[in-house]
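Enquirer: here's my sequence, what's the structure:
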Amino acid sequence: YEIASCLVGSEMCIRDSVTRLKTRVKVIAATAIVSATAAVGGVATSGNFEARADDGNYVSFGDSIPSNPTQIQLSAQANDQLRSQLRIPEVVPGHCALGKDNFPNRIGHDADIETDNYTCAASPAAAEHPHNFRSQVDAALHEGKLNNKTRLVSVFFGFNDVYQNTNLPFEEHKALFVNTIVDQINRIRQAAPNARIVVGGYPDLTDENNNICPTNLFGVASHVYGGGWSPVQDFVRDWQRSAAEKAGVPYLDMMAEINAANNNNGCTDNPHRLSASLVDDQEHNLWAHLTADGNQFYADKVRSYMA
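Expert: Below is the predicted model of the structure:
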């Protein structure tokens, strides 16, 4: 059975794509622990960017794209002994490990504005999780970080909702995601009425031929058939765009910005590519996430919406 032969809108085919994708993710992630640990030269610290409080603040919600921890941080987060041996800073109670280099921190630095980052690797928007979108908004409200002076809020969720709640019919699954995003944005609006809010997406991880690129070293990328990756990327993008439209906020379509056709994703030989492959010689923290240049690119795009 070929996933690439899926008919558009075929729920059975899409659900089969998700099942195959879950298996691929587990295999790739196991390899990534070794490769990411070897690739990162130092251990990034956790924390938010602090600036003058009277200039307002920027609040970030989402998953590993805006949190961007290292694999070492993720491993140590769940292992007290490892954390002490590696001297990794304690994670603030109620928060998750944050990489030192992520696009929210770059926004804080470039705009000289306080950045409050509630994001968490592997967090979904709608599925049950200790750091899902509702929980992140709860934390920001509890700490008073959503207020009249808040100038910008970014929301990046999607991929981690795909492999959860899979017992739901496809359209119900989409509706749950979309309505959760809208409900939480409405809560944000009530608390921070002057803030600009933007929903963002992910880079295209393929070579546009439904192949993913596990390695990208010395200007040469490997290409491996990606199974259900392309259709899953497409419907996550649709979910995100639909949520932004229903909430009445802009959608930052990063698949349109970072892809093989633009010669800037992990399948290209561009030395300044914006996203990484699994094993990549460009500076990055996590496989298939943003490179250092990618963090700056996202920072500039997201910052452009600031009030």
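
Enquirer: okay, the closest residue to residue 121 other than its chain neighbours and residue 171: tell me how far apart.
Expert: Distances taken as C-beta to C-beta, 6 or more residues apart in numbering put residue 64 closest to residue 121, at 3.8 Å, once the chain neighbours are dropped. From N, CA and C alone the C-beta is placed, and that goes for glycine too. From residue 64 across to residue 171, the span is 27 Å (C-beta to C-beta, to the nearest Å).

Enquirer: quick one: which of the two has more around it?
Expert: Each of residue 64 and residue 171 has its neighbours counted (other C-beta atoms under 10 Å); residue 64 has more, 25 against 10.

Enquirer: list the contacts for that one?
Expert: Each residue near residue 64 by C-beta atoms under 8 Å, 6 or more residues apart in numbering is listed here: 119, 120, 121, 122, 123, 286, 289.

Enquirer: for the stretch 151-300 of the chain, just list every one of the strands.
Expert: 196-200, 211-212, 215-217, 220-221, 224-225, 251-252, 279-280 (DSSP state E, counting those that start in this stretch).

Enquirer: dump those strands into TSV; add mean neighbour count as well.
Expert: Compiled in TSV, these are given as follows (neighbours: other C-beta atoms under 10 Å):
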stretch	mean neighbour count
strand 196-200	22
strand 211-212	22
strand 215-217	18
strand 220-221	15
strand 224-225	12
strand 251-252	20
strand 279-280	22
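
Enquirer: hmm, back to that, drop anything exposed from the contacts of residue 64.
Expert: Neighbour counting by 16 or more other C-beta atoms under 10 Å classes 119, 120, 121, 123, 286, 289 among these as buried.

Enquirer: okay, who's weakest in those by pLDDT?
Expert: Ranked by pLDDT, the buried ones among the contacts of residue 64 bottom out at residue 286, which has 87.

Enquirer: wait, that one touches residue 67, no?
Expert: No. Look at residue 286 against residue 67 with C-beta atoms under 8 Å: they stay out of range, at 9.4 Å.

Enquirer: which neighbours do the two have in common?
Expert: What both residue 286 and residue 67 touch, as defined by C-beta under 8 Å, 6+ apart, is the set residue 121.

Enquirer: now the strands of the stretch 151-300 of the chain in TSV, with distance to residue 294 and mean pLDDT?
Expert: Below are the strands of the stretch 151-300 of the chain laid out as TSV (distance: least, C-beta to C-beta, whole Å; pLDDT from 0 to 100):
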stretch	distance to residue 294	mean pLDDT
strand 196-200	13	98
strand 211-212	17	96
strand 215-217	13	96
strand 220-221	16	96
strand 224-225	22	95
strand 251-252	13	98
strand 279-280	11	94
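
Enquirer: residue 186 is nearest to which of those strands?
Expert: Of all these, it is strand 196-200 that lies closest to residue 186, at 10.2 Å by C-beta to C-beta.

Enquirer: contact partners of that closest one?
Expert: Contacts for strand 196-200 (C-beta under 8 Å, 6+ apart): 62, 65, 151-156, 181, 185, 188-189, 240, 243-244, 247, 249-252, 254, 298, 301-302, 305-307.

Enquirer: let's see it at 7 Å
Expert: Contacts of strand 196-200 from elsewhere in the structure, counted by C-beta atoms under 7 Å, 6 or more residues apart in numbering, are 151-156, 181, 185, 188, 240, 243-244, 249-252, 254, 302, 305-307.

Enquirer: quick one: buried residues of stretch 132-152?
Expert: For stretch 132-152, by 16+ other C-beta under 10 Å, it's 132-137, 139-141, 145-147, 150-152.

Enquirer: farthest pair within these?
Expert: 132 and 151, at 24.6 Å, using C-beta to C-beta across these.

Enquirer: quick one on the thing from earlier: make a ChimeraX selection of the buried ones in the contacts of strand 196-200.
Expert: A single ChimeraX command selects the buried members of the contacts of strand 196-200 (16+ other C-beta under 10 Å):
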select :151,152,153,154,155,156,181,185,188,240,243,244,249,251,252,254,302,305,306
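
Enquirer: residue 168: what's it in contact with?
Expert: residue 176.

Enquirer: does the residue lying closest to residue 143 once chain neighbours are set aside count as helix, strand or coil?
Expert: Closest residue to residue 143 apart from its sequence neighbours, by C-beta to C-beta, 6+ apart: residue 116 at 7.6 Å. Secondary structure, DSSP: H, G, I helix; E, B strand; the rest coil: residue 116 is strand.
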